[in-house]
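Student: here is a sequence with its predicted model. Questions after.
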Amino acid sequence: MKSFAFFALLLAFLRPAFAEVRAEAGFGRCHASASDEGAWYQRGQPHQLQLSDNCGEIGALWSVAHDFSFGARFVNFGQYATYAIANLDPQDLQAMRGTKSQDHNRAACQKQGTENPNHPMIEDCNYRWNGTGHLWGGLFTVAWHPIHIGDLKLGGELGWIVYKATWRVIVQPTQNNDWQYQYDQRTSWKKSPEFGVSAYYKYAYAAYRVYMIPDGAPITPGYRSPVKQFVLGVSVPF
C-alpha cells in the first residue's frame with residue numbers, strides 16, 4: 001500500500017494546481033496471456049482457454065497544468081477460465097509422464113486415491129481440470145496529453161495497479177462425477193506496472209492499457225501477463 005500512500009500525498013501536494021476534476025466510468029474488453037503448458041492444461045490433450053472477458057472501471061481524473069493529469073480508478077478485469085483433460089504427471093514433471101503407468105484412464109484413476117494425504121488424485125492419471133479466476137484492483141496513473149486536434153487530446157500514461165488475483169481449480173475423474181477436489185489460490189495485495197495510451201474528446205475517452213499482471217504473484221493461475229485492456233468511457237467534470 002506504499003504506492004497508494006505516495007499517490008495520496010502527491011495529490012494533496014498538487015491540489016492547489018488542479019485545473020479540473022473529472023468523474024470517469026468505462027467499459028471494455030480485457031485479454032490475458034496464456035500460462036505455460038502444464039499449468040492446468042497440456043498441448044495434445046483436449047482443452048479450452050477463456051482468456052478474454054468484459055471489464056469495467058470507475059474513478060476520477062485530476063488535471064493539472066501543461067496537459068498532465070493524475071488518475072485513480074477501480075478496475076475489474078473480469079473472469080478467466082480453463083477447461084482441460086490433463087495428466088497428473090509424477091512429481092509434476094512432463095518428462096516422467098508414463099513412468100508409473102501407460103494407461104492414464106485406468107480404473108484406479110476413477111476412484112479417490114490414497115497416495116497423497118493432501119489430495120485424492122493418483123499420479124499418471126488423466127483428470128478433468130476446471131479453473132476460474134478473477135482480477136481486480138486500484139489503478140493509479142500519471143498521464144500526459146500533449147497532442148491537440150481541435151477538442152481531441154492524445155497522449156500516454158504510466159502507473160501502478162494494486163491488485164488481487166484468484167484462481168480456483170476443481171478436479172474430477174474423466175469418466176464419472178463420484179468425487180472432486182477443489183484447489184483455491186488467492187494473492188494478498190500486490191502491485192505491478194501499467195502503461196498505455198489514451199484519447200479524450202469532450203466528455204468521452206478511450207484507452208488501451210497493458211498491465212504486467214500477475215508477474216511475481218504467489219499463485220499459479222491459468223493466465224499470466226501481460227493483461228491488455230481496451231476501454232471506452234465517459235469523463236464528466238464536476
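Tutor: Noted; the coordinates are in hand.
Student: tell me the bridge partners for the nearest residue to Arg73 once chain neighbours are set aside.
Tutor: Distances taken as Cβ to Cβ, 6 or more residues apart in numbering place Gly59 nearest to Arg73, at 2.9 Å, with adjacent residues excluded. Quick note: C-beta positions are derived from backbone N, CA and C, even for glycine. When bridges are called by DSSP bridges, Gly59 pairs up with Glu24, Arg73.
Student: contacts only, for Gly59.
Tutor: 23-25, 71-74, 139 (Cβ atoms under 8 Å, 6 or more residues apart in numbering).
Student: what do you get if the cut-off is 6 Å, keeping everything else the same?
Tutor: Gly59 is in contact with 24, 72-73, counting by Cβ atoms under 6 Å, 6 or more residues apart in numbering.
Student: which of the residues you listed tops the neighbour count?
Tutor: Tallying neighbours with other Cβ atoms under 10 Å puts Arg73 at the head of the contacts of Gly59, with 23 neighbours.
Student: surely that one touches Cys55?
Tutor: No. Arg73 lies out of contact with Cys55 (Cβ atoms under 6 Å); the separation is 11.6 Å.
Student: give me the contact list for stretch 210-219.
Tutor: Contacts of stretch 210-219 (Cβ under 6 Å, 6+ apart): 161, 165, 167, 185, 187, 190, 192-195, 225-228.
Student: switch to 10 Å and redo it
Tutor: Here stretch 210-219 makes contact (Cβ atoms under 10 Å, 6 or more residues apart in numbering) with 30, 32-33, 75, 77, 133, 135, 137, 139, 159-161, 163-167, 184-188, 190-197, 220-221, 223-229.
Student: show me where this structure dips below the pLDDT cut-off.
Tutor: For the chain, the stretches with pLDDT under 70 are 1-18, 216.
Student: 80 - rerun?
Tutor: The model of the chain has pLDDT under 80 over residues 1-19, 39, 115, 117, 215-217.
Student: report the buried residues of stretch 218-228.
Tutor: 221-228 (16 or more other Cβ atoms under 10 Å).
Student: which of the three states applies to the residue nearest in space to the middle of the chain?
Tutor: Nearest to the mean C-alpha position of the chain, by Cα atoms, centre = their mean, lies Leu135 at 4.5 Å. Classification of Leu135 using DSSP: H, G, I helix; E, B strand; the rest coil returns strand.
Student: so what sits opposite it in the bridge?
Tutor: In this entry, Leu135 is beta-bridged to Ala165, by DSSP bridges.
Student: so it makes contact with Val162?
Tutor: No. Leu135 sits out of contact with Val162 when judged by Cβ atoms under 10 Å, with a separation of 11.7 Å.
Student: okay, and the closest residue to Trp129 other than its chain neighbours sits in which element?
Tutor: Spatial nearest neighbour of Trp129, excluding adjacent residues (Cβ to Cβ, 6+ apart): Ala84 at 4.8 Å. In the assignment (DSSP states H and E), Ala84 maps to strand 68-87.
Student: circling back to that earlier point, mind checking which of the contacts of stretch 210-219 are buried?
Tutor: 30, 32, 75, 77, 133, 135, 137, 139, 159-161, 163, 165-167, 185, 187, 190-192, 194, 196, 221, 223-229.
Student: show me where this structure has strands.
Tutor: Assigned by DSSP state E, the chain shows strands spanning 20-34, 47-50, 52-63, 68-87, 126-149, 152-173, 181-186, 190-201, 204-211, 223-237.
Student: what are the bridge partners for the residue nearest to Trp129, then?
Tutor: Here Ala84, judged by DSSP bridges, has bridge partners His47, Trp129.
Student: what number of residues lie near it?
Tutor: Neighbours of Ala84 using other Cβ under 10 Å come to 20.
Student: one more: Ile149?
Tutor: 9.
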